[in-house]
Structures are given as structure tokens and as C-alpha cells.
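*Asks:* here are the coordinates; sequence isn't available:
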């Protein structure tokens, strides 16, 4: 309950201080089981600073993970991020980042409710960026309407993710996210939501997100 109160408070305050400019993130996540204990990750994100055509980032991430037990898993992988400065062309990024990442995920279920904690570390190859960064995300997922048990349902996603690094400023950014998701079946979800981002303690953007999840 305390985690929920923190998330809701951050969502409300984040939305209140959001900027007027609206961007968009189109996202895909894939978690593909390999046997009983292993997983392969795939992720693509197309980020726009302003809708409909001012590009900001193009992200690809892949990796693999292992389930330690029912509630815990670990993973590692590689990410590639292209950066754009107010561009409407995808072909010529202004900067490229290569990134190694590793993570630990703890997920607890209480009926249809899910509370997840994710701790991720990243090493970034990008000029001008602090190489090491750490991220902590808490996420709560709960159903609001079930059409058929163990099949299609509407769910709410609430999350907050804090980014820190090891230079003098320490605080890197914070992302607050709230979304409604539709479970097409047990292996597919479509979700739409709102994200507010703070960078170096300053409001840095608000985004409408459309995501597709396969697992």
C-alpha cells in the first residue's frame, strides 16, 4: 500500500508540473521463454520530442535472462540508441550510443495484482555522458475489468523509475508512467499511457505512449 501511495503521489505531482509540449513514444517489448528457466528479450522504441514528426531517439535493446525462482530473475544485454535534434529524418542521427545493461527483477503476485521491483545498471558509450548509471523502477499492475478468466482483460499500469549516476549531480532523471493495457490473450498486451520525465530536477518532457508487449 505504501508503494502505491508513493506512485500515485508522483503521478499527480508529475502531471501537474508537466510542460505543454507533447511528445510520443511507440514501443515494443518481447519476452520470449526458452525452456523453463531462460528468456530472450527484444525491445524497440521510437521516441518523438513533439508530435507528429519531431524525432528524438530510436532505441533497440536485446538480451537474455534466467529465472532464479518464482519471484526473481536476472538478465543482461546490449542496447543501441540514436539521438536526433529536432529532426524529421531517421536516416542521419546526430549521435549514437552503445550500452551494456544488467538487471535484477523481483515480481510478486497477489491474485491478479502484480508488484514489481527492477534494479538495472548500465554502462554507456556516449561522448559527454557519465559511463555508469543505475536505475530503480517500481511498478504496480492491477485489473479493472476481466472479460474472460486467464484470457482478455483491461489492466492499469502505474510506475516510477529513478535514474542516478556517479558524478557530482548524482540525480539523472525520473520517469512517472500511468497506462491502461488490454490483454488480447495470455501472451499479448496493447497499452496506452502517459509519461512525465524530469531531467536534473527540471521538467523535461511529457509523452503519450503506445506499447505492444509479447511474452
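*Replies:* Received it, and whenever you're ready, just let me know what you need. What you see is a predicted model; the values in this text were computed from it and never measured. Numbers count the residues shown, from 1 in each chain.

*Asks:* tell me which helix or strand comes right after the one helix or strand in the chain whose mean pLDDT sits lowest.
*Replies:* One helix or strand of the chain scores below all others by mean pLDDT, DSSP states H and E: helix 2-16, with a mean of 45. From helix 2-16 onward toward the C-terminus, using DSSP states H and E, the following helix or strand is strand 22-34.

*Asks:* just after that next one, pick out the following helix or strand.
*Replies:* Moving toward the C-terminus from strand 22-34, the next element (DSSP H and E) is strand 38-50.

*Asks:* so what are the sheet partners of that next one and their directions?
*Replies:* With DSSP bridges as the criterion, the sheet partners recorded for strand 38-50 are strand 22-34 (antiparallel), strand 54-67 (antiparallel).

*Asks:* now render these as TSV, adding distance to residue 82, mean neighbour count and mean pLDDT.
*Replies:* C-beta here means a position set from N, CA and C on the backbone, and glycine is covered the same way. Compiled in TSV, the strands paired with strand 38-50 are given as follows (distance: least, C-beta to C-beta, whole Å; neighbours: other C-beta atoms under 10 Å; pLDDT from 0 to 100):
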stretch	distance to residue 82	mean neighbour count	mean pLDDT
strand 22-34	14	15	95
strand 54-67	4	17	95
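
*Asks:* closest to residue 146 out of these?
*Replies:* Checking the strands paired with strand 38-50 against residue 146 by C-beta to C-beta gives strand 22-34 as the closest, at 21.9 Å.

*Asks:* next one: the closest one to chain centre, how far?
*Replies:* Using C-alpha atoms, centre = their mean, to the nearest Å, the mean C-alpha position of strand 22-34 is found 8 Å from that of the whole chain.

*Asks:* likewise stretch 120-128?
*Replies:* Chain-centre distance of stretch 120-128: 17 Å, with C-alpha atoms, centre = their mean.

*Asks:* again, but for stretch 81-95
*Replies:* Taking the mean C-alpha point of stretch 81-95 and that of its whole chain, the gap between them comes to 21 Å (C-alpha atoms, centre = their mean).

*Asks:* and what of stretch 41-50?
*Replies:* The chain centre lies 10 Å from the centre of stretch 41-50; the measure is C-alpha atoms, centre = their mean.

*Asks:* report the rounded mean pLDDT for it.
*Replies:* Rounded to a whole number, the mean pLDDT of stretch 41-50 is 94.

*Asks:* one more: stretch 208-215?
*Replies:* Over the span of stretch 208-215, the pLDDT mean works out to 94.

*Asks:* tell me who's in contact with the residue sitting furthest away from the middle of the chain.
*Replies:* Each residue of the chain has a distance to the centre, and by C-alpha atoms, centre = their mean the biggest one is for residue 148: 27.6 Å. Shown here is residue 148, which makes no contacts under the criterion C-beta atoms under 8 Å, 6 or more residues apart in numbering.

*Asks:* got phi/psi on residue 111?
*Replies:* phi 70, psi -120 (degrees, to the nearest 10).

*Asks:* circling back: turn the strands paired with strand 38-50 into a markdown table, columns for distance to residue 197.
*Replies:* Formatted as a markdown table, the entries for the strands paired with strand 38-50 read as follows, by distance: least, C-beta to C-beta, whole Å:
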| stretch | distance to residue 197 |
| --- | --- |
| strand 22-34 | 9 |
| strand 54-67 | 11 |
